[in-house]
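Trainee: Generate a structure from the sequence data that follows.
(2 chains)
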Amino acid sequence: MTVTENQAPAQPEVGRARRRKEDQRLITGRTRWTDNLQVPGMLHLAMVRSPFAHARITAIDVEAARKARNVVAVITGQDVKDEQGSLPNAWPITPEQVTPAHPPVAVDEVHFAGEIVAVVVARSAAEARDAAELVDVDYEELPAVLDLKEAAQDTVLAHPDLGTNKSALWVFDSKEAGTGGDVEDAIRQARDGGVLIEREFRQQRLIPAFMEPRSVLVDPTGEQITMWTATQIPHILRFLLAAVLGVPESKVRVIAPDVGGGFGGKLQTTPEEFIAMVLARRLGKPIKYTETRSESLLSAHHGRDQWQKLTLAATKDGTVTGFKVELLANLGAYVALVGGGVPVLGAFMFNAIYKFPAYHFACQTVLTNTTWTDAYRGAGRPEATFGIERMMDELAAELDMDPLEVREKNWIKHEEFPFTTVAGMEYDSGNYEAATARAKELFDYDALRREQAERRERQDPVQLGIGVSTFTEMCGLAPSRVLGSLDYGAGGWEHASVRMLPTGKVEVVTGTSPHGQGHETAWSQIVADRLGVPFEDVEVLHGDTAISHKGLDTYGSRSLVVGGEAVVRAADKVIEKAKPVAAHLLEASVDDLEFSAGRFGVKGTDKGLTIQEIALASFAAHNLPDGIEPGLDSDATFDPVNFSFPHGTHLCAMEVDTETGETRMRTYVCVDDVGVIVNPLIVEGQVHGGLVQGIAQALWEGATYDDQGTLVTGSFVDYTLPTAADTISFVTENTTSPATTNSLGTKGVGEAGTIASTPCVVNAIVDALRPLGIHDVEMPCTPERVWRAIQNASAGSVDETQRDTAPHFDPDQPNQDTPDPEGGAR
Amino acid sequence: MTRITVTVDGVEYSDDIEPRTLLVYYLRQNLGKTGTVVGCDTSNCGACTVHLDGRSVKSCNVLAVQADGHEVTTIEGLAADGQLHPMQQAFHESHALQCGYCTPGMIMQACDLLKDNPDPSEQEIREGLEGNLCRCTGYHNIVRAVQHAAAAMRQGTEAPADSAVPAAGPGAPEPATAGVGAAGPEMPPGEGAPVSAGSTGEGVTA
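Mentor: Numbering: from 1, shown residues only, chains lettered A, B, ... in the order given. Presented below is the predicted three-dimensional model:
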């Protein structure tokens, strides 16, 4: 019996800045993106897409395309209408939700520009694309509704047969729910001697813009139909392919190979996936489809797109007494997989880190003739954080208080955790004071405020603005019971298996499906610690439903918090299984064993066996206790009892040139509390990437349509992702209040940077311009918009070129009312 | 069809191709060099960047026939003799990639940048990479990686491996990936990294 030569390293793996296991193949080009894969006899698809936002299809002539070189088939919606099914919405937010059918190939009518009307199958992708040009479609153009506010008035209908554009109204009221008071009371009191802040904000439409265009390959030639696809959700997709198309689930295998980013954009079951499946089955041949970037921007789901009408009631000392949120949310042409659930996720976060006594949230989802919308990094929580953090700055300005002071007056103190919020969430842990104090220190807050005052004093054409954003988010989606109570179609648990191989190596199978997050590295660290085996000996398998047979995939900062906990529990079961075997082999009582650093030792002796030795003994099964099965492999499925609540304080300094409208980010500091950190390198990377996506919403990105409903931002020439030259280096740090609802104490970090940074940047720009009487600049805050805001403020007029935010409004006015052009300074 | 003869990653190939074939599709479909990827239709993203006679080009913007008689290096040909190129090593050490889709193009462009300017400032690096989009990293760690690679390459890649300090300075963990031949590039502690206050943990180089 060996004793100690297999000891695990003394330094724990959790907390260590391990370089990623995933990198080797990615930095050398040995990758398995879906579009890299080839199957013998594979055919290729090209899509014919509608140029019109709303039209009736009157005829499709496919003859020329059919005769084109190496074309195998040309399919229209009519050809597949009985077998293609309707793309699913998994979250009808109300029982009455109006949900249009969503055929993967349009049959009679198209409802957004970019919708598929015909499909060409050919021997090469180039030939398919050439032939797609030959498909002749006759359309009868119908009136299109593109503007969200206009759509809510139901004058033009996106789907005339539905009779309305209003899909669902979802309401939460703290008085009704018993979680707080009546917000209307608070508003009345604020009108009478308090402070009432009324603002309307626009959350522009964004495009996730993952770098790998979507690609799908379906091979129907085996006993199982295998689909490789660039998705975040192989397990959910498998279930829905089976449920919608009527294929037995056991006959479908979905594989997410290397996936090049998602950000929510690949949290979808797409028309292209369903069409590839239908045509591969019909033709009995492997079929691949890879979108162009333009197709991706045009037809892959978009994100955000809300009008937010917000009313904040407070006392004159800055104590908030109530918050009322009325949202209009644009679904686009169809209710997507999560659909209206995205803005509803914000319902629990508009109250943020604060102790509001009364709260009302109402969200009206609306159909328009635009690209469908769904999750984009943060999904509901960035919108909520933007709304409240902009409002807290407005309150501070109104009362001439420091924005951090107003926040501190209202936030939950660290000794008040656990804290049940006015939205009914129980926040388990946090320390807003600590994160804020550290952020102020790193930022040198007081010095920058002094500089700001000096620049104002000397009327410097370049003004300095300081932006503040404190935030929390709900991560770790999600307790299945909560999802059930919200009418979501699935649970929120996660599954893992830990397999002890006879050679002592360990395979970890996870139901999460990483696409850049580094789970292979982080999960290895967790298991190495738990089992006391070397980090290098752990292999993490994922993203193939034949290997990882059970899982709910990766989104909503859930993977570590839920999936990581499943890994922990599976590993702990391995240890429990090994214990009686160890006791038997060591001729000791189970009670006399202790497991430490990968070794079962007999207390008070030097006798012991490593877990690898027991794995081999259990594999051989020559000498096991009676009634014990061979093997140590274990499974665990973890269903969280609560969400996790990361938080942070972000501070940003923006220089604004008041002569040109140009802005320049000078410093960005964030201190995030994401709970216990498994790998600081990965956490930091997630924060950096999140920050730039959030900053991009504030400054550069926006999907726009022309009056005909054509996406103007249909390529990377027009949809302006930030480059290295547009961005700066960031100062990022962490404070740690461990989560109490999982054994590692983790909270999730995937979305934090995106959620906090957008209001931080806009607050900074507005802060710079506030002496000019400006209290909002609509996103993205391009130099033109900033310049116009300045011009209009100095002219005392309202910008007629922008149909944007209402500065004030009367209570009970419907959200869709056109803002009064004479109302208030901007 | 047109006959072209191209040397790619040190191997000479001769093929009959359609004249309209873009270099990137020739590499991916004819040669199976799928390390080079396509990210857009408009030559904005740079994911397809390769070297043509030693200079970076976006291979979606070059016809394969234009490469006839020339030499192409892709991400798959960058490592020499089983040793990662210092730029590849620096991307790994600095966590300069997440999903990795932009990485081949980013690395090829970064190599070209250092060819012109072996000691670039942060701003010069940022401007030199302007034609390559990344959606995951926020560019922060990519800039660090190029700084570290530049330092390593200035000091000479022929330095014996055992003289190199661990990538993230004293006290940092060893390079994680088994089988990576080259030791980390030399990165004096704190060099070029005034950014993070560092409490995110040991070994974070940013």
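Trainee: how distant is stretch B:67-86 from the center of its chain?
Mentor: Taking Cα atoms, centre = their mean, to the nearest Å, the mean C-alpha location of stretch B:67-86 is offset from the chain mean by 10 Å.
Trainee: got any ranges where the chain has weak pLDDT?
Mentor: Assuming you mean chain A. For chain A, applying pLDDT under 70 flags the ranges A:1-10, A:796-826.
Trainee: ah, no, chain B please
Mentor: B:157-206.
Trainee: Pick out the residue in it sitting closest to chain A.
Mentor: Residue nearest to chain A within chain B: residue B:35 (1.9 Å; Cβ to the nearest Cβ). C-betas here are computed from N, CA, C, even on glycine.
Trainee: Now do the contacts for the closest residue to that residue other than its chain neighbours.
Mentor: Of all residues not flanking residue B:35 in the chain, residue A:29 sits nearest, at 1.9 Å (Cβ to Cβ, 6 or more residues apart in numbering or on different chains). The neighbours of residue A:29, taking Cβ atoms under 8 Å, 6 or more residues apart in numbering or on different chains as the test, are B:33-36, B:74-76, B:104.
Trainee: Output stretch A:618-630 as PDB, nothing but the C-alphas.
Mentor: Output in PDB follows, covering the C-alpha atoms of stretch A:618-630 (Å, rounded to 0.1, in the frame of the first residue of the first chain):
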ATOM      1  CA  SER A 618     -13.100  -0.600  -7.500                       C
ATOM      2  CA  PHE A 619     -12.600  -1.100 -11.200                       C
ATOM      3  CA  ALA A 620     -11.000  -4.500 -10.800                       C
ATOM      4  CA  ALA A 621     -13.700  -5.400  -8.200                       C
ATOM      5  CA  HIS A 622     -11.600  -8.300  -7.000                       C
ATOM      6  CA  ASN A 623     -12.000  -7.400  -3.400                       C
ATOM      7  CA  LEU A 624     -15.000  -5.200  -2.600                       C
ATOM      8  CA  PRO A 625     -17.200  -5.300   0.500                       C
ATOM      9  CA  ASP A 626     -20.400  -7.400   0.100                       C
ATOM     10  CA  GLY A 627     -23.200  -5.500  -1.600                       C
ATOM     11  CA  ILE A 628     -21.000  -2.700  -3.000                       C
ATOM     12  CA  GLU A 629     -21.200  -2.100  -6.700                       C
ATOM     13  CA  PRO A 630     -18.000  -1.800  -8.700                       C
END
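Trainee: which parts of it are buried?
Mentor: A:618, A:624 (16 or more other Cβ atoms under 10 Å in any protein chain shown).
Trainee: same question, stretch A:755-773
Mentor: Quick answer for stretch A:755-773 (16+ other Cβ under 10 Å): A:755-770, A:772.
Trainee: Quickly note the distance from the residue in the stretch 1-150 of chain A that chain B sits nearest to to residue B:78.
Mentor: Nearest residue of the stretch 1-150 of chain A to chain B: residue A:29, at 1.9 Å (Cβ to the nearest Cβ). To residue B:78, residue A:29 is 8 Å away according to Cβ to Cβ, to the nearest Å.
Trainee: Check residue A:315 too.
Mentor: Taking Cβ to Cβ, one finds residue A:315 at 64 Å from residue B:78.
Trainee: Break chain B into its domains for me.
Mentor: Here the domain parsing of chain B from automatic domain parsing is B:2-77, B:79-190.
Trainee: The residue in the stretch 501-650 of chain A positioned nearest to chain B: what secondary structure?
Mentor: Per Cβ to the nearest Cβ, residue A:516 is where the stretch 501-650 of chain A lies closest to chain B, at 3.1 Å. Taken by DSSP: H, G, I helix; E, B strand; the rest coil, the conformation at residue A:516 corresponds to coil.
Trainee: Residue A:694 too?
Mentor: helix.
Trainee: Look up how far chain B lies from it.
Mentor: Residue A:694 is 10 Å from chain B, where distance means Cβ to the nearest Cβ, to the nearest Å.
Trainee: what's that residue in contact with, if anything?
Mentor: A:378, A:382, A:753-758, A:760-761.
Trainee: now with 10 Å?
Mentor: Taking Cβ atoms under 10 Å, 6 or more residues apart in numbering or on different chains, we find residue A:694 in contact with A:377-378, A:382, A:385-386, A:469, A:650, A:751-761, B:138.
Trainee: Could you list which residues are in contact with the residue minimising distance to the centre of chain B?
Mentor: Centroid check for chain B by Cα atoms, centre = their mean gives residue B:107 as the closest residue, at 1.5 Å. The contact partners of residue B:107, taken as Cβ under 10 Å, 6+ apart, are A:26-29, B:49, B:75, B:78, B:85, B:87-88, B:90-91, B:96-97, B:132, B:142, B:145-146, B:149.
Trainee: now the residues you listed: which count as buried?
Mentor: So, by 16+ other Cβ under 10 Å, the buried ones in those are A:26-29, B:49, B:75, B:78, B:85, B:87-88, B:90-91, B:96-97, B:132, B:142, B:145-146, B:149.
Trainee: residues in contact with stretch A:431-439?
Mentor: Counting by Cβ under 10 Å, 6+ apart, residues outside stretch A:431-439 touching it are A:353-354, A:404, A:407-408, A:411-415, A:417, A:445, A:468, A:470-472, A:647-651, A:669-673, A:731, A:733-737, B:197, B:199.
Trainee: Could you tell me which of these count as buried?
Mentor: A:353-354, A:404, A:407, A:411-412, A:417, A:445, A:468, A:470-472, A:647-651, A:669-673, A:731, A:733-737.
Trainee: what subset of these is also close to chain B?
Mentor: A:669, A:671-672, A:731, A:733-736 (Cβ under 10 Å from any Cβ of the partner chain).
Trainee: got the domain boundaries for chain A?
Mentor: A:23-31+A:493-638, A:40-401, A:428-475+A:643-695+A:724-803.
Trainee: Output those domains as JSON lines; include the columns distance to residue B:125.
Mentor: JSON lines is the format used below for the domains of chain A (distance: least, Cβ to Cβ, whole Å):
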{"stretch": "domain A:23-31+A:493-638", "distance to residue B:125": "18"}
{"stretch": "domain A:40-401", "distance to residue B:125": "20"}
{"stretch": "domain A:428-475+A:643-695+A:724-803", "distance to residue B:125": "7"}
